[in-house]
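Visitor: whatever this is, show me its structure:
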Amino acid sequence: MASRRFVAGVASVAILSGAYAFRVHVHAQSQSQIPPGLPTEITQNRFNAGQSVIPYYEGWVRNADGTFDLVFGYFNRNFQEEFSIPAGANNKVEPGAADQGQPTYFLARRQRFIYRVRVPANFGKGIVTWSITTHGRTEKAFGDLIAPEEITERVLATNGNFDPGLDDPNKPPTLTLAPIQNVTANAPVTLTATVSDDGLPKPRVVAPRPAQPNTTQTNAFGAQVNSSGGGRPRGLTVNWLEYSGPAKVTFSGGPVPVTNGEAKVTATFTAPGTYKLIANANDGQLSTKIPVTVTVAGKPSTP
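Guide: Sure thing, here's the model as predicted:
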């Protein structure tokens, strides 16, 4: 019996040793198959600053006159840091002049369908390149007329979220802006947008949250509460963003609900110069964007 146990023990050790050797071999083989210079894992870090801005090619739109619009957006990988990058060596569109109306102020995170480049009907297999350099790193986006990249104005009106089709009865809001004049740096100015809409889609009615039962138990486990705030505004709203300018523009809020056909916010420009803003009216599904140029006088604020 002792000899049988000894033989069984030797066999077990041999099997375990073989399994270990097999795992080591597989691990070594998998490591050798990893291309040199590439990370074996990607950490999920959040960066407030120090990262680059990546231009994005969103797709192209066919115009009625036969021309095409190449549509771009961008992704600022930082959660807080924003950039003012004038058109030039660090912010250029090719071919052609470096300044082709591209954004020069880059907000944090993702901004979609924000910039268009119009190309002629005979553009063919041409390519438009948008290059942005931040923190010494150059990122590029390449726009062309590849068939799968074709999009419609309805896709842009929904910010790429959903294309209900041409038979959808909902129409985008109508948006007009009051003139913005006599603006001085560091002095708040009111921005007034007049909006009308067809009432579609019907605003969702938020059901009242059920009352939580009272209990005297201190260790009782209650139902999950998904949100402690009021949530996003429902219905017709207006939001403002900065497209270009020498310094940051601070808005008092947004999206702002439309009340009696108007939505008002205050904007503060921190330095003199020429700015371009975009007002965006949204009915909950479709949106209308209007750019406006603002000339700001005065002196820059002290850091």
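Visitor: every contact and neighbour count from this point should use C-alpha atoms.
Guide: Noted.
Visitor: rounded mean pLDDT for whichever strand or helix holds Leu70, please.
Guide: Using DSSP states H and E, Leu70 falls within strand 68-76. The predicted model assigns strand 68-76 a mean pLDDT of 97.
Visitor: helices and strands around the following helix or strand past that strand, which ones?
Guide: Counting by DSSP H and E, the next helix or strand C-terminal to strand 68-76 is strand 83-84. With contacts taken as 3 or more Cα pairs under 8 Å, 6 or more residues apart in numbering; DSSP states H and E, strand 83-84 sits against strand 105-106.
Visitor: list the contacts of the strand it packs on.
Guide: The contact list for strand 105-106 (Cα atoms under 8 Å, 6 or more residues apart in numbering) reads 53, 76, 82-86, 242-247.
Visitor: stretch 251-269 too?
Guide: The contact list for stretch 251-269 (Cα under 8 Å, 6+ apart) reads 184-196, 233-240, 247-250, 296.
Visitor: what mean pLDDT does the strand or helix carrying Val265 get?
Guide: Assigned by DSSP H and E, Val265 falls within strand 262-269. Taken as a whole, strand 262-269 has an average pLDDT of 96.
Visitor: quick check, central residue of this protein?
Guide: Per Cα atoms, centre = their mean, the C-alpha nearest to the average position across the chain is that of Arg110, at 1.9 Å.
Visitor: which element is it on?
Guide: Assessed by DSSP H and E, Arg110 sits inside strand 109-119.
Visitor: strand partners of the helix or strand that comes right after that strand, parallel vs antiparallel please.
Guide: With elements assigned by DSSP H and E, the helix or strand that comes after strand 109-119 is strand 128-134. Paired neighbours of strand 128-134 in the sheet (DSSP bridges): strand 91-94 (antiparallel), strand 137-143 (antiparallel).
Visitor: export these as a markdown table, with columns for mean neighbour count.
Guide: As requested, the strands paired with strand 128-134 are arranged in a markdown table below (neighbours: other Cα atoms under 10 Å):
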| stretch | mean neighbour count |
| --- | --- |
| strand 91-94 | 21 |
| strand 137-143 | 17 |
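Visitor: dump the ones you listed into TSV; add distance to Ile290 as well.
Guide: Below are these laid out as TSV (distance: least, Cα to Cα, whole Å):
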stretch	distance to Ile290
strand 91-94	22
strand 137-143	23
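Visitor: who wins for proximity to Ala271 among the ones you listed?
Guide: Comparison of the strands paired with strand 128-134 against Ala271 by Cα to Cα identifies strand 91-94 as nearest, at 20.8 Å.
Visitor: may I have stretch 49-60 as PDB, with CA atoms only?
Guide: Taking C-alpha atoms only, stretch 49-60 is exported to PDB below (Å, rounded to 0.1, in the frame of the first residue of the first chain):
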ATOM      1  CA  ALA A  49      -4.900  68.600 -18.100                       C
ATOM      2  CA  GLY A  50      -1.900  67.700 -20.100                       C
ATOM      3  CA  GLN A  51      -3.600  65.700 -22.800                       C
ATOM      4  CA  SER A  52      -4.000  66.400 -26.500                       C
ATOM      5  CA  VAL A  53      -6.900  67.500 -28.700                       C
ATOM      6  CA  ILE A  54      -8.000  65.000 -31.300                       C
ATOM      7  CA  PRO A  55      -9.900  66.200 -34.400                       C
ATOM      8  CA  TYR A  56     -12.600  63.800 -35.600                       C
ATOM      9  CA  TYR A  57     -14.000  63.300 -39.100                       C
ATOM     10  CA  GLU A  58     -17.700  62.700 -38.700                       C
ATOM     11  CA  GLY A  59     -18.800  62.200 -42.300                       C
ATOM     12  CA  TRP A  60     -19.900  64.100 -45.400                       C
END
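Visitor: residues contacting that stretch, please?
Guide: The set of residues external to stretch 49-60 that reach it, using Cα under 8 Å, 6+ apart, is 68-81, 106, 112-113, 130-135, 137-145, 149-152.
Visitor: name the helix or strand of this protein that has the lowest mean pLDDT.
Guide: Every helix and strand of the chain was ranked by mean pLDDT, DSSP states H and E. The lowest is helix 2-33, at a mean of 43.
Visitor: the inter-axis angle of the next helix or strand after that one versus strand 128-134?
Guide: Following helix 2-33 in sequence order, the next helix or strand is strand 53-62 (DSSP H and E). Strand 53-62 runs at 160 degrees relative to strand 128-134, counting by axes from the mean of the first three to the mean of the last three Cα atoms, to 10 degrees.
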